[in-house]
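Visitor: Next come a sequence and a model predicted from it.
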Amino acid sequence: MSEPILTNLMRQACAEARKGLGATLPNPSVGAIALDANGDVLAVAATCGLHAEARLIETCRTQELLPRIHTMCVTLEPCNHQGRTPPCTEAIINAGIKRVVIGTRDPNPYVKGGGIERLREAGIEVVSGVNEDECKQLIQAFAYTVLTRKPWITIKRAFDKNGSMIPPPGQKTFTSPDSLRLTHRLRKKADAIITGSGTILADNPLFTVRQVLDHVGKRRWLAILDRRGRVPGDWLTAAYGQRLDAFIYKSIEQAVADLTAKGVQDILVEAGPVVSQAMMDSRLWVMSVTIHQGDPDRIEVEFNPDVMIPFDTAKFNWDTFLPT
């Protein structure tokens, strides 16, 4: 197959993976496509309990398509270690697949990898680095966490035309519908949200995903900075009913440390000016998203220059970064 054809197929695999962004913790969201010897698509799959490769093979087996698989396109290098599931490399070898096209290598330095090498040892043709920029952005939180042992923290702020973050009386937002949708896509991807007691008391926010369809059954951690114990107990009870597991913390550092211990990889900060600025000053953040009210709104993205970003930020693209 030509490079443009392989790139287009990998984009299809990325599109499948993107649907699961935020729903596969502790694993990254991965997409996979099975092709026959003529290059026709037999099936597509993404990480959902099973790794994408294993799920794809199982789908083809159920549909009696397994003997027809010639090529598998997968956004991330198949694992070659025993974790919660058996190695995907062995499943691919046992399925008799002849060629594997890979988007990007597994960034995890703490596991015994070598998925590409294992496949080649078994006589399987391997093509790697196809549509790699998009594939790397799909696993940004996972990659950052396994490389640094820290969560990816995004600070989202919105400023009106006067430079204020405070909505007008009786309103909860002043941004455009497109900006609001962007916020909810960020929230959908997040494992946890950090906010302050002032935001809760002033706005009574829901912190639910509403502008796009949320992942079915997903719960999120909600870290509330509340040194004075001002958040009412009935608000916390209502938050639990909205699939939020809320915890009270005295400081940003305490909140981030506890969320890290819980296995959180992707944190979204949605708070007022005091907490947002404190997070910026802490230098714990990785990405800052600032919405400036206008006609249309202007979206400003900044990456922390003091941390390692696991993809080329010059090629950052919202449509590859966020779930649909």
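Guide: Sure thing, it's come through. Numbering: from 1, shown residues only.
Visitor: contacts and neighbour counts: CA atoms only from here.
Guide: OK.
Visitor: any chance you could map the strands in the stretch 151-300 of the chain?
Guide: Per DSSP state E, counting those that start in this stretch, the stretch 151-300 of the chain carries strands over the ranges 152-159, 192-196, 220-225, 244-249, 266-270, 287-292, 298-303.
Visitor: Neighbouring strands of the third one in the sheet, and parallel or not?
Guide: Paired with strand 220-225 in the same sheet, following DSSP bridges, are strand 192-196 (parallel), strand 244-249 (parallel).
Visitor: again, but for the last one
Guide: Strand pairing for strand 298-303, using DSSP bridges, gives strand 287-292 (antiparallel).
Visitor: Run through the helices of the stretch 101-250 of the chain in chain order.
Guide: Using DSSP state H, counting those that start in this stretch, the helices of the stretch 101-250 of the chain run over residues 115-121, 132-138, 140-148, 177-189, 197-203, 233-241.
Visitor: now the angle between strand 298-303 and the fourth one, please.
Guide: This means helix 177-189. 30 degrees (axes from the mean of the first three to the mean of the last three C-alpha atoms, to 10 degrees).
Visitor: in helix 177-189, what counts as buried?
Guide: Neighbour counts over helix 177-189 (16 or more other C-alpha atoms under 10 Å) mark 179-189 as buried.
Visitor: With the first one instead?
Guide: Using 16+ other C-alpha under 10 Å as the test for burial, helix 115-121 gives 115-116, 118-119.
Visitor: again, but for the last one
Guide: Burial within helix 233-241, assessed by neighbour count using 16+ other C-alpha under 10 Å, is assigned to 235-236, 239-240.
Visitor: With distance to residue 12 and pLDDT added, can I get those in CSV?
Guide: Below are the buried residues of helix 233-241 laid out as CSV (distance: C-alpha to C-alpha, whole Å; pLDDT from 0 to 100):
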residue, distance to residue 12, pLDDT
235, 42, 95
236, 41, 95
239, 37, 95
240, 36, 95
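Visitor: Just the closest of those residues to residue 168, please.
Guide: residue 235 (22.8 Å; C-alpha to C-alpha).
Visitor: Any figure for the gap between the closest one and residue 224?
Guide: According to C-alpha to C-alpha, to the nearest Å, residue 235 and residue 224 sit 12 Å apart.
Visitor: again with residue 150
Guide: Taking C-alpha to C-alpha, one finds residue 150 at 19 Å from residue 224.
Visitor: which helix is the longest one in the chain?
Guide: Assignment by DSSP state H gives helix 3-18 as the longest helix of the chain.
Visitor: Check the offset of that one from the chain's centre.
Guide: 18 Å (C-alpha atoms, centre = their mean, to the nearest Å).
Visitor: Same check on stretch 234-243?
Guide: Worked out by C-alpha atoms, centre = their mean, stretch 234-243 lies 24 Å from the chain centre.
Visitor: what's the burial count for the closest residue to residue 181 other than its chain neighbours?
Guide: Spatial nearest neighbour of residue 181, excluding adjacent residues (C-alpha to C-alpha, 6 or more residues apart in numbering): residue 211 at 5.3 Å. A count of nearby residues for residue 211, using other C-alpha atoms under 10 Å, gives 15.
Visitor: wait, residue 211 sits on residue 180?
Guide: Yes: contact between residue 211 and residue 180 holds when scored by C-alpha atoms under 8 Å: they sit 7.3 Å apart.
Visitor: Give the residue spans of the stretch 51-200 of the chain that score low on pLDDT.
Guide: 82-84, 112-113 (pLDDT under 70).
Visitor: okay if I get the buried residues of helix 233-241 as JSON lines plus distance to residue 196?
Guide: JSON lines is the format used below for those (distance: C-alpha to C-alpha, whole Å):
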{"residue": "235", "distance to residue 196": "13"}
{"residue": "236", "distance to residue 196": "13"}
{"residue": "239", "distance to residue 196": "14"}
{"residue": "240", "distance to residue 196": "17"}
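Visitor: Just the closest of those residues to residue 99, please.
Guide: Distances from residue 99 to those, taken by C-alpha to C-alpha, are shortest for residue 240, at 46.9 Å.
Visitor: Who are the contact partners of the closest one?
Guide: Shown in contact with residue 240 (C-alpha atoms under 8 Å, 6 or more residues apart in numbering): residue 246.
Visitor: Of residue 150 and residue 224, which one has the most company?
Guide: Neighbours per residue (other C-alpha under 10 Å) separate residue 150 from residue 224, with residue 224 holding more: 24 against 21.
Visitor: coming back round to it: now distance to residue 288 too, for the helices of the stretch 101-250 of the chain, in a markdown table please.
Guide: Formatted as a markdown table, these follow (distance: least, C-alpha to C-alpha, whole Å):
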| stretch | distance to residue 288 |
| --- | --- |
| helix 115-121 | 34 |
| helix 132-138 | 16 |
| helix 140-148 | 14 |
| helix 177-189 | 12 |
| helix 197-203 | 19 |
| helix 233-241 | 26 |
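Visitor: No further queries at this time; thank you.
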